[in-house]
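**Student:** show me the folded form of this:
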Amino acid sequence: MHLVAALVLTVVAAMTPAEQLAIGEKYTQMGKPKQAIPLLHKALKGALSDDDKARAEAALGLAYLQAKKPKKAVAHLRNATDLDGKKPKRWLLLGVALDQAGLTDKAVAAYRRGIKANPKSVELHHELGMTLVEGGQPDAGAQSLERAVALAPNHPGLLADLAFGQVQRGKFKEAREASLRSLALADDNADAHFTLGLSEMALGNDDGAIDAFEAALKHEPRHIPSLMRLAKLDEKQGRKVKAAKRLVKVLKLDPSALLARARLGVLLADLGKDKKAKKMLGQVLKKDPGYLPAYPALAELEAKAGNADAAIAWYEKLKGQLKGNAAKQKQIDKRIAEIRAAHKANGAQ
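**Tutor:** Take a look at the predicted model:
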């Protein structure tokens, strides 16, 4: 093994910097950063043209990204963009590295610098738009996504992401239009169907939303967001058993889905599955004491079983979660008084 390693080192040392660069780039293309990184560092120590130095720095940045070392990637990708800012991919990689390093504001700045140097780069406009939308700036993000779509109007993925951005900014008619344009070009995008469903829900077209979410599941049967929205619509339209079955499916796909567990617990209580409901809601509150619908559900289960003290205790805990909300606390006090009165009347019989 030591002999083989020594031979490899000898071969690498005999290579010219340009050869080391070419092979290092090949390794990054193959997704092999461990082999690429030392070769590319060696190449940079040799005599390279400015263009080849920029290539080596960019390849090193990509290799460090592949190795899940975004901070190291940032340093090399900055060097690459300083040497040659006319390559959109280098700005894209720099933005991704900064984002992965937790420096989202700097990632946005990198995308904008890249766009200034490459104003017709669809990829840079798209990445900037999605970063802004996901970072809580949907208005600015949607504008960037619109620019990307203007440059590539028949790209279904771009249209689907624009629809997502429009949903995030509350522009549901525009979101529906973009979703339909995307699906007209490619019908197999589960996320585009899902975004269409969100738009239809927000516009009050529940049947259209159901059709869209069902279409998403047809293309991606494990699409949990669609299952969750369908369960909500089933419950709204009185199909509680069907809603519960969908939530059970979600939990089979993802046992850690706390919201699905919480909603299923409340539904089971409504369906008279008291024991299962109590167990499930108790699990939810252990992990998330802030899930408020669990408190009245548990309180009413205890009241139904004749356990007035336990019911009142759950309502008192809910009051503790609602400090500062006088109206809600007044409603809870009224319900506590009703439970006490019922318990007293039962005791007198």
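
**Student:** could you double-check that P33 lies in contact with Y27?
**Tutor:** Yes - if you go by Cβ atoms under 8 Å, P33 and Y27 touch, sitting 7.4 Å apart. Every C-beta, even on glycine, is put in place using the N, C-alpha and C of the backbone.

**Student:** mutual contacts of these two, please.
**Tutor:** Residues touching both P33 and Y27 by Cβ atoms under 8 Å, 6 or more residues apart in numbering: A63.

**Student:** restrict stretch 308-328 to CA atoms and write it as CSV.
**Tutor:** C-alpha atoms of stretch 308-328 as CSV (Å, rounded to 0.1, in the frame of the first residue of the first chain):
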residue,chain,number,x,y,z
ALA,A,308,-63.2,17.5,36.2
ASP,A,309,-60.0,18.3,38.1
ALA,A,310,-57.8,17.0,35.2
ALA,A,311,-59.9,18.9,32.7
ILE,A,312,-59.6,22.2,34.6
ALA,A,313,-55.9,21.6,35.0
TRP,A,314,-55.5,21.4,31.2
TYR,A,315,-57.5,24.6,30.8
GLU,A,316,-55.4,26.4,33.4
LYS,A,317,-52.2,25.3,31.5
LEU,A,318,-53.8,26.8,28.4
LYS,A,319,-54.4,30.1,30.2
GLY,A,320,-50.7,30.1,31.1
GLN,A,321,-49.9,29.9,27.4
LEU,A,322,-52.3,32.7,26.6
LYS,A,323,-51.0,35.4,29.0
GLY,A,324,-52.0,38.8,27.7
ASN,A,325,-55.0,37.5,25.7
ALA,A,326,-57.8,38.7,28.0
ALA,A,327,-60.7,37.7,25.7
LYS,A,328,-59.4,34.1,25.3
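
**Student:** which residues sit against it?
**Tutor:** By Cβ under 8 Å, 6+ apart, stretch 308-328 touches 289-290, 292, 295-296, 298-300, 302-303, 329, 332-333, 335-336, 339-340, 342-343.

**Student:** likewise for stretch 160-176?
**Tutor:** Contact with stretch 160-176 is made by 126, 129-130, 133, 138-139, 141-142, 145-146, 148-149, 178-179, 182, 189, 191-192, 195-196, 198-200, 202-203, as judged by Cβ under 8 Å, 6+ apart.

**Student:** same question, stretch 58-72
**Tutor:** Contacts with stretch 58-72, where a contact means Cβ under 8 Å, 6+ apart, come from 21, 24-25, 27-28, 31, 33-34, 36-37, 40-41, 44, 73-74, 76-77, 80, 87, 89-90, 93-94, 96-98, 100-101.

**Student:** just stretch 73-93 next, same as before
**Tutor:** Contacts for stretch 73-93 (Cβ under 8 Å, 6+ apart): 50-51, 53-55, 57-58, 60-65, 94, 97-98, 100-101, 103, 110-111, 113-115, 117-118, 121, 123-124, 127.

**Student:** now, these that are in strands?
**Tutor:** Residues of the contacts of stretch 73-93 located in strands (DSSP state E): none.

**Student:** of those, buried ones?
**Tutor:** 53-55, 57-58, 60-65, 94, 97-98, 100-101, 103, 110-111, 113-115, 117-118, 121, 123-124, 127 (16 or more other Cβ atoms under 10 Å).

**Student:** list the buried residues of stretch 16-27.
**Tutor:** P17, A18, Q20, L21, A22, I23, G24, E25, Y27.

**Student:** for ChimeraX, write the select line for the buried members of the contacts of stretch 308-328.
**Tutor:** The ChimeraX selection below is limited to those of the contacts of stretch 308-328 classed as buried (16+ other Cβ under 10 Å):
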select :295,296,298,299,300,302,303,329,332,335,336,339,343
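
**Student:** now do the helices in the stretch 201-349 of the chain.
**Tutor:** Ranges of helices within the stretch 201-349 of the chain are 206-219, 224-236, 240-253, 258-270, 274-287, 294-304, 308-321, 326-348, based on DSSP state H, counting those that start in this stretch.

**Student:** output the below-cut-off pLDDT ranges for this structure.
**Tutor:** For the chain, applying pLDDT under 70 flags the ranges 1-14, 347-349.

**Student:** excluding chain neighbours, what is closest to the residue nearest to the spatial centre of it?
**Tutor:** Centroid-nearest residue in the chain: E134, 8.2 Å away (criterion: Cα atoms, centre = their mean). Nearest residue to E134, sequence neighbours excluded (Cβ to Cβ, 6 or more residues apart in numbering): G141, at 7.7 Å.

**Student:** residues near that neighbour, how many?
**Tutor:** 26 (other Cβ atoms under 10 Å).

**Student:** how much space between it and R169?
**Tutor:** According to Cβ to Cβ, to the nearest Å, G141 and R169 sit 8 Å apart.

**Student:** for the helix or strand harbouring G141, the distance to its chain's centre please.
**Tutor:** Using DSSP states H and E, the element containing G141 is helix 138-151. Relative to its parent chain, helix 138-151 has a centroid offset of 19 Å by Cα atoms, centre = their mean, to the nearest Å.
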